[in-house]
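Q: Curious how this folds, go ahead:
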Amino acid sequence: MEYLTLNTGAKTPVLGFGTYQISPHDTAEAVKTAIDTGYRLIDTSQDYFNEKEVGDGIIASGIDRHQLFLTTKVDTDGYEETKAGIDESLAKLQTDYLDLMILHWPRPQSLGSYKALEEYYHAGKIKAIGLSNYNIQQTKDLIAQTEVMPAVDQIETNLHLQQGKMHDFLVKQGIVHEAWSPLAQGARVLNNDPILKKIGQKYHKTGIQVLLRFLTQRQIMTIPRSINPAHIRANFDIFDFQLTADEMKQIQTLDQHRSAIGWPSSMAVDA
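A: The predicted structure follows:
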């Protein structure tokens with residue numbers, strides 16, 4: 001496993017396990033499988049309605065909580081509502097602290113929500129604060145009005161939406177770029193893409209594994225999800241090869257600056 005250093009000084013795995021659209025029924029077992037495989041970053045959200053099951057999976061794995069980097073996201077709006085939501089997330093996840101808590105979307109009272117996160121950060125219950133789906137201007141505006149620098153911006157990033165401009169901006173700000181929906185094009189497209197397939201044959205890897213290696217080599221936190229144990233393990237098996245500079249450039253040519261799943265127009269800074 002490879003790690004990134006956040007602006008808080010904390011280290012996070014560059015590859016994690018996402019739980020978006022995993023039903024509560026399947027979540028605990030999938031999380032346990034991921035942890036047993038070696039994943040140490042687990043990502044969920046209040047909006048995924050599976051926080052309790054994520055916590056159940058962590059407990060079932062038997063792992064020491066301090067070995068995990070646990071992330072959830074705020075689906076509340078405003079200071080008081082967000083404070084209540086943080087307490088609820090901590091209870092559902094059955095943990096005393098969160099390694100990262102993220103504002104899921106820009107909303108009318110996001111500044112108040114961020115202030116609540118800052119309060120819990122100073123109390124030690126949140127180790128880092130992040131953003132999600134924030135564009136360049138929205139990020140600048142928030143930074144100008146708050147005290148604690150966001151550590152992460154989690155944005156749609158995949159083969160056809162590589163987010164070059166956002167990535168460069170985030171790097172300059174000292175904010176880690178995190179990819180949601182990294183496999184948005186689907187297994188058939190990724191595994192049969194001629195460039196990914198050719199590179200994969202060289203390393204005895206699938207197109208999906210090549211893409212995940214491409215993202216992690218760009219120092220992008222990446223959180224693929226699956227409930228299939230074989231796929232969970234395959235997604236993790238990407239650290240025994242290194243793409244060359246030329247191979248990285250080849251994959252960059254596949255960028256279409258196009259969202260796979262309805263990226264909001266406010267984020268279309270990469271066209």
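
Q: Now do the helices in the stretch 51-200 of the chain.
A: 51-61, 79-93, 110-122, 136-145, 164-173, 187-192, 194-203 (DSSP state H, counting those that start in this stretch).

Q: Need the contact partners of the helix or strand that the last one is followed by.
A: Yep, that's helix 194-203 we're talking about. Using DSSP states H and E, the helix or strand that directly follows helix 194-203 along the chain is helix 207-217. Outside helix 207-217, the residues that touch it by Cβ atoms under 8 Å, 6 or more residues apart in numbering are 2, 14-15, 157-159, 179, 182-183, 187, 190-193, 196-197, 199-200, 203, 205, 222, 224, 234-235, 237-238, 241-243, 248, 251. Just so you know, the C-beta spots here come from the backbone N, C-alpha and C atoms, and that holds for glycine as well.

Q: Enumerate every residue touching the closest residue to residue 34 other than its chain neighbours.
A: Nearest residue to residue 34, sequence neighbours excluded (Cβ to Cβ, 6 or more residues apart in numbering): residue 17, at 3.9 Å. By Cβ under 8 Å, 6+ apart, the residues touching residue 17 are 30, 31, 34, 35, 39, 41, 42, 43, 223, 224, 225, 232.

Q: sorry, back to before: just name the most buried of the helices of the stretch 51-200 of the chain.
A: helix 51-61 (a mean of 21; mean count of other Cβ atoms under 10 Å).

Q: which helices and strands does it pack with?
A: helix 24-37, strand 69-74, helix 79-93 (3 or more Cβ pairs under 8 Å, 6 or more residues apart in numbering; DSSP states H and E).

Q: Just give the number of residues close to residue 25.
A: By the measure other Cβ atoms under 10 Å, the count of residues near residue 25 is 10.

Q: ditto for residue 245
A: Applying other Cβ under 10 Å, I find that residue 245 has 8 neighbouring residues.

Q: Could you tell me how many residues sit around the residue nearest to residue 47 when sequence neighbours are not counted?
A: The shortest distance from residue 47 to any non-neighbouring residue, by Cβ to Cβ, 6+ apart, is to residue 75 (4.2 Å). Residues contacting residue 75 under the criterion other Cβ under 10 Å number 19.

Q: circling back to that earlier point, so the residue nearest to residue 34 versus residue 68, what's the distance?
A: 10 Å (Cβ to Cβ, to the nearest Å).

Q: what touches both of those two?
A: With Cβ under 8 Å, 6+ apart, residue 17 and residue 68 have common neighbours 35, 41, 42.

Q: The last one belongs to a strand, doesn't it?
A: Yes: secondary structure assignment places residue 42 in a strand (DSSP: H, G, I helix; E, B strand; the rest coil).

Q: Per-residue confidence, it, what does it come out as?
A: Looking at residue 42, its pLDDT stands at 98.

Q: Next: residue 90.
A: 98.

Q: list the contacts for it?
A: 96, 97, 98, 125.

Q: run the last query once more with 6 Å
A: Counting by Cβ atoms under 6 Å, 6 or more residues apart in numbering, residue 90 touches no other residue.

Q: what does residue 150 give?
A: Contacts of residue 150 (Cβ under 6 Å, 6+ apart): 129, 130, 131, 175.

Q: Look up how far residue 179 lies from the second one.
A: With the distance defined as Cβ to Cβ, residue 130 ends up 13 Å from residue 179.

Q: Same check on the third one?
A: Distance from residue 131 to residue 179, counting by Cβ to Cβ: 14 Å.
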